[in-house]
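Asks: Would you be able to build a 3D model of this:
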Amino acid sequence: MSGDAHDFNNIQTQAVIKFFFLQGKALKEIHAILTETLRKHAPSYATVKNLVAQFKLCDFSTCDAPRPGQPKAVNTLEIIDQIHKLIMEDRRILAKSIAEQLAISHEWVGSTIHEDLDVRKLSVKWVPKCLNADQKCQRCQSSEQLWEFFWRDPNDYLSRLVTMDETWLYHYDPETKEQ
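Replies: Have a look, this model is predicted:
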């Protein structure tokens, strides 16, 4: 049997421990038999102790109980598109609420947002980390147009400037660092 010792899996080892327990063998005796028979493939004393304690509570199941573990990989294009759509609808949305709406883990949403969508949170809003070439070109053109408007009539520049998003800019000069 020692030649086949490495072929023992968890469930088989648990069944052997259960058999010895039902025979009335002591914990140390069970561990000694397993160590002698399985050598380096034998379970640790703590493992045997935990299983014997489980059997004493009349829980004779030798199968592993299902556990949550690592979430399933759901990083499909549909999920990425859904996350992107939710962020575009509400830039202040929390990753936790995205995870709840799509029924995926919070960690997976975070990695998708940061790695796949290349977006970060800035002042409670999700914003792109980097601009693509088209966006950079558009910003340069807009800046050049504003520069031309300014040099045409520097005194009347601000009265002619119209913004579309109704953003209010407040100037606040704090007196101390705490403020």
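Asks: Sticking with Ser143, tell me its helix or strand.
Replies: helix 133-152 (DSSP states H and E).
Asks: Any idea how far apart the tips of stretch 104-116 sit?
Replies: End-to-end span of stretch 104-116 (Cα to Cα, to the nearest Å): 16 Å.
Asks: can you give me the mean pLDDT across it?
Replies: Mean per-residue pLDDT for stretch 104-116: 85.
Asks: ok, now stretch 76-96?
Replies: For stretch 76-96, the per-residue pLDDT averages 86.
Asks: For that stretch, buried residues please.
Replies: For stretch 76-96, burial by neighbour count (16 or more other Cβ atoms under 10 Å) applies to 79, 82-84, 86-87, 93, 95. The C-beta positions use only the backbone N, C-alpha and C, and glycine is treated the same way.
Asks: Please apply the same query to stretch 95-103.
Replies: Those would be 95, 98-99, 102, for stretch 95-103 by 16+ other Cβ under 10 Å.
Asks: Not counting stretch 45-63 itself, show me its contacts.
Replies: Identification of contacts with stretch 45-63 by Cβ atoms under 8 Å, 6 or more residues apart in numbering yields 11, 14-15, 17-18, 21-22, 27, 30-31, 34.
Asks: okay, now Gln14: neighbour count?
Replies: 21 (other Cβ atoms under 10 Å).
Asks: Return the distance of the residue nearest the centre of the chain relative to Ile98.
Replies: Geometric centre of the chain, nearest residue: Glu107, 1.5 Å, by Cα atoms, centre = their mean. Noted for Glu107: a distance of 12 Å to Ile98, by Cβ to Cβ, to the nearest Å.
Asks: Kind regards, and thank you for your time.
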